[in-house]
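Participant: Coordinates only, no sequence provided:
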């Protein structure tokens, strides 16, 4: 039993006025309000710190099974907890790919054994993620899969994508599409434009992403089935989603912390350091502005990390030889929060926090949307945030196995100091 005193409560949508107390008993938020008392409870005086629903990450690469030297479910779950995430969704681009109910259960059970953040599995849309034949979506949904995606690649053909959407409707599990026309992006290394010209590297044009976004929206319109577009990075991509929403289509999207902070200029200024290599590539400053506009006006539904850890020996290579991917889950919120501060707080803190809590949770099936809200008698998935705490990103201290990140060495504000999953404290910075 834990009694939080003097907390600034955020319920997933809005802040309560003043500071309040909140009591957690047997994994449940028993009550909250002024002057709550509970004899025998452990008392944590937050002194005005923010107490929020735990963050939900829709997009995390845990590399397990098959690539455990890069990351495994235990290290990823510990890293997620340190980042304030009570729940994280594991991507299926593993070896073997998570394309059947047995592997869905493997991810869930290994996450439970890890004992940190809750790990939920995404299942592949197609067998072995080859884009040729649908995976056993029904069996995976029954086993606990919360999203379908071939992430790392788009669904192979429009015909197959359309069929998959129709299946997903009856299963009530959303498809998360990685929008990319690979005929345009294949062999690309950086954003097409200034960056590719200066480096002499093949560029990845904005159209490669935007064609994928257009395809997904068209199929959602035709079938009437929801679709989620992940890691959008260009002005036209978010514009297409904005117009789709105005049309009333069930199209949602997320953006990543790194696409909100770093641009192609970051790649150039770093001397083409492989830490900045990611797909979709870091885009122009104009694209970054458009993403922040889309956060403010409600076009973007969630901020998802796309945490992509690599072993040092694999990532620390010349830019053209290095793999795509940025590790960030432990500093994702401070990274975005600090950008928000530096931009003069372009929208409310409640909106920013919703993009990490109720926004992503609302896209998951079954009971999971309730985990993005703070309610009486709801599950005690919580994070305490110290908005005034400034720390430098120190990757050598990470729970993740990743040891290279473009966030390394940056001074950021707004760090999680305690994370709770169903009443269990899974991270406590004061004990680190």
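Facilitator: Sure thing, it's come through. This is a predicted model, so every value here is computed, not measured.

Participant: Provide the backbone phi and psi angles at residue 387.
Facilitator: For residue 387, the backbone dihedrals (degrees, to the nearest 10) come out as phi -70, psi -20.

Participant: Can you list the buried residues in the helix ranked longest in the chain?
Facilitator: In the chain, assigned by DSSP state H, the helix with the most residues is helix 206-223. Under the neighbour-count criterion of 16 or more other CB atoms under 10 Å, helix 206-223 has 206, 208-217, 219-221, 223 buried. Yep, even glycine has a C-beta here, placed from its N, CA and C like the rest.

Participant: Which strands and helices lie in contact with the lowest-mean-pLDDT helix or strand in the chain?
Facilitator: When the helices and strands of the chain are compared on mean pLDDT, DSSP states H and E, helix 194-199 comes out lowest with a mean of 92. Applying 3 or more CB pairs under 8 Å, 6 or more residues apart in numbering; DSSP states H and E, we find helix 194-199 packed against strand 203-204, helix 264-269.

Participant: List the buried residues of it.
Facilitator: 194, 195, 196, 199.

Participant: Please report how far the last one lies from residue 324.
Facilitator: This points to residue 199. Relative to residue 324, residue 199 is positioned 15 Å away (CB to CB, to the nearest Å).

Participant: From one end of stretch 188-204 to the other, what's the distance?
Facilitator: 5 Å (CA to CA, to the nearest Å).

Participant: For that stretch, which outside residues touch it?
Facilitator: Stretch 188-204 has contacts (CB atoms under 8 Å, 6 or more residues apart in numbering) with 184-185, 187, 205-206, 208, 264-265, 267-268, 272, 277, 279-284, 319-320.

Participant: again, only this time at 6 Å
Facilitator: 185, 187, 205, 264, 267, 268, 272, 281, 283, 320 (CB atoms under 6 Å, 6 or more residues apart in numbering).

Participant: Which residue is the nearest non-sequential neighbour of the third one?
Facilitator: I take that to be residue 205. residue 192 (4.2 Å; CB to CB, 6 or more residues apart in numbering).

Participant: Same question for the first one.
Facilitator: Spatially, and ignoring its direct neighbours in sequence, residue 185 is nearest to residue 208 (4.0 Å; CB to CB, 6+ apart).

Participant: just residue 164 next, same as before
Facilitator: Nearest in space to residue 164, with sequence neighbours left out and distances taken as CB to CB, 6+ apart, is residue 125 at 5.1 Å.

Participant: Can you get me a residue count around that neighbour?
Facilitator: Residues lying near residue 125 (other CB atoms under 10 Å) number 31.

Participant: swap in residue 379?
Facilitator: Residue 379 has 23 neighbours, counted by other CB under 10 Å.

Participant: Just confirm it contacts residue 422, I think it does.
Facilitator: Yes: using CB atoms under 6 Å, residue 379 makes contact with residue 422 at a distance of 5.3 Å.

Participant: quick one, domains of the chain?
Facilitator: If you go by automatic domain parsing, the domain ranges for the chain are 2-50+379-403+410-431, 54-372.

Participant: Would you mind finding the most buried of those domains?
Facilitator: domain 54-372 (a mean of 21; mean count of other CB atoms under 10 Å).

Participant: coming back round to it: may I see the helices and strands packed on helix 194-199 arranged in CSV, with mean pLDDT as well?
Facilitator: CSV is the format used below for the helices and strands packed on helix 194-199 (pLDDT from 0 to 100):
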stretch, mean pLDDT
strand 203-204, 98
helix 264-269, 96
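
Participant: Save those as a markdown table, and put in distance to residue 154 too.
Facilitator: What follows is the helices and strands packed on helix 194-199, written out as a markdown table (distance: least, CB to CB, whole Å):
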| stretch | distance to residue 154 |
| --- | --- |
| strand 203-204 | 14 |
| helix 264-269 | 23 |
